[in-house]
Structures are given as structure tokens and as C-alpha cells.
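Visitor: I would like to see how this sequence folds:
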Amino acid sequence: MINDRISLREKSIVFIGFMGVGKTAIGESVAKKLYRDFIDIDKEIEKEFNMPVREIFNSIGEKAFREKEKSMIKDICQQKLKIISLGGGAFLQDEIREFCLAHCIVFFLDISWESWKERLNIIIDSRPVLQGLSLEEIEQLFYKRQGIYSAHHSKMGTDNLEIEEAADYIVDSLKLAWDMYEPR
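Guide: Residues are numbered from 1 along each chain as shown. Predicted coordinates for the structure are as follows:
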């Protein structure tokens, strides 16, 4: 059963953004600072299937991955006090997007194409969606997803920010919002 009466301070926080933007690293830091559990949806799916996402895509298929992703996100988003990192493609599903926006605080971690492109060599092998794409096709995917990520509660640019700087900014902004909207 979904509890719509969760206070703003107790709502789980969801990080969205393009693959490789830093959702996991920033999310882990925010979780430590707020004394919350951190959950990386992709890592949880990997544990369940006992294989990396790339192998899941290759052996079981993207459809099975997306179904597991949807059920897991819906379950975890109903829990209090979690910090959740979604895979870059999860928010593409209308049902996931609407559910997260209705039950959690959704932070869009934004990055410019120029800054993201510098990370490509580090992340390309672990991202099945990028396999076989040219740089131009990856850029098209990047900008296509920007429109989907525009549905959020808060947005933060991550260009030129260290993980701890980004996490501190998010924690400070959350505390300010909590005090404004739910004073103790």
C-alpha cells in the first residue's frame, strides 16, 4: 500500500540524469550526510540476476531488465528515508517517472554535453545502451533524454563540481526546503 502521508522530510530522494553524470557517487555522499540508506537500482538488479547490466541486456533482454527495474523502483520509492539512484534510462518509462514524481523528491543532476563527453572513455564499456553508437548518435541520445529529465522537483548542474561539493549543495538545499515547508 502506498503511503501518501509521508512528510516531506521523510520522503525518499531520487537522483536522475544521463548515464555517467554521477548519480551513484553523489547519491552515496548525500546518503551519508543525511544518515539514510543508499540504493543504486542498477546494482540491486545486478544482485538479483547475479550478473552485470550488460549481461542482463545480452542474455535476458532489455524488456526483462526494464520490468524488473520498474517493480523494484515502485517498491523502493514507497519506503521512507532512502536515497535512490536510477539508471539513466529508467525515467524514460512514463510509469516510473510519474510514480517517482508523486512519491519522492526527484533531483535532476544535469551536465553539459561538453563535460559529459570527457567521461565517455571511462563509462562506455559498462553502458549497454551506448554499444555500437557513433559519437553523433550518443549526442542525439543525450539531448533526447534531456527533455525527459526536465520533469523533476529540483535541478543541479554538475559541471566543474566535485562530488562532495554537489552533495553539500543538495543537502543544504533540502534542509532549507524542509525548514520552509515543514518547520518543526
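Visitor: mind checking the SS state of Phe38?
Guide: strand (DSSP: H, G, I helix; E, B strand; the rest coil).
Visitor: Share the number of residues neighbouring it, please.
Guide: As a burial measure, Phe38 scores 19 neighbours (other C-beta atoms under 10 Å). Yep, even glycine has a C-beta here, placed from its N, CA and C like the rest.
Visitor: close enough to count as contact, it and Ala31?
Guide: Yes: using C-beta atoms under 8 Å, Phe38 is in contact with Ala31, at 3.6 Å.
Visitor: tell me, what's touching the two both at once?
Guide: Overlap of the contact sets of Phe38 and Ala31 (by C-beta atoms under 8 Å, 6 or more residues apart in numbering) consists of Ile83.
Visitor: helices and strands of the protein: which one has the lowest mean pLDDT?
Guide: Using mean pLDDT, DSSP states H and E, helix 120-123 stands out as the lowest-scoring helix or strand of the chain, at a mean of 81.
Visitor: got the contact list for the helix or strand hosting Phe99?
Guide: Here Phe99, judged by DSSP states H and E, is contained in helix 94-103. Helix 94-103 is contacted by residues 2, 4, 6, 11-12, 14, 16, 69-70, 73-74, 77-78, 86, 90-91, 106, 148, 151-153 when judged by C-beta under 8 Å, 6+ apart.
Visitor: hmm, who's touching whichever strand in the chain runs longest?
Guide: For the chain, the strand with the greatest residue count under DSSP state E is strand 105-110. Contacts of strand 105-110 with the rest of the structure, by C-beta under 8 Å, 6+ apart, involve 8, 11-17, 21-23, 26, 100, 146, 149-158, 166, 170, 174.
Visitor: Kindly report the same for stretch 133-141.
Guide: Here stretch 133-141 makes contact (C-beta under 8 Å, 6+ apart) with 113, 117, 120, 129-130.
Visitor: Can you point out the buried residues in it?
Guide: In terms of neighbour count (16 or more other C-beta atoms under 10 Å), stretch 133-141 has its buried residues at 138, 141.
Visitor: ranges for the helices of this structure?
Guide: 23-34, 41-49, 53-59, 62-77, 94-103, 113-117, 120-123, 135-149, 163-181 (DSSP state H).
Visitor: Go through these and pick out the most buried.
Guide: Comparing these by mean neighbour count (mean count of other C-beta atoms under 10 Å), helix 23-34 ranks first with a mean of 20.
Visitor: you'd agree Tyr169 is up against Met156?
Guide: Yes: Tyr169 is in contact with Met156 according to C-beta under 8 Å; the separation is 6.4 Å.
Visitor: Which members of the contacts of helix 94-103 are classed as buried?
Guide: 6, 11-12, 14, 16, 69-70, 73, 77-78, 86, 90-91, 106, 148, 152.
Visitor: Would you mind listing the two of those that lie farthest apart?
Guide: Pairwise distances across the buried ones among the contacts of helix 94-103 (C-beta to C-beta) peak at 25.1 Å, for the pair Ile6 and Ile148.
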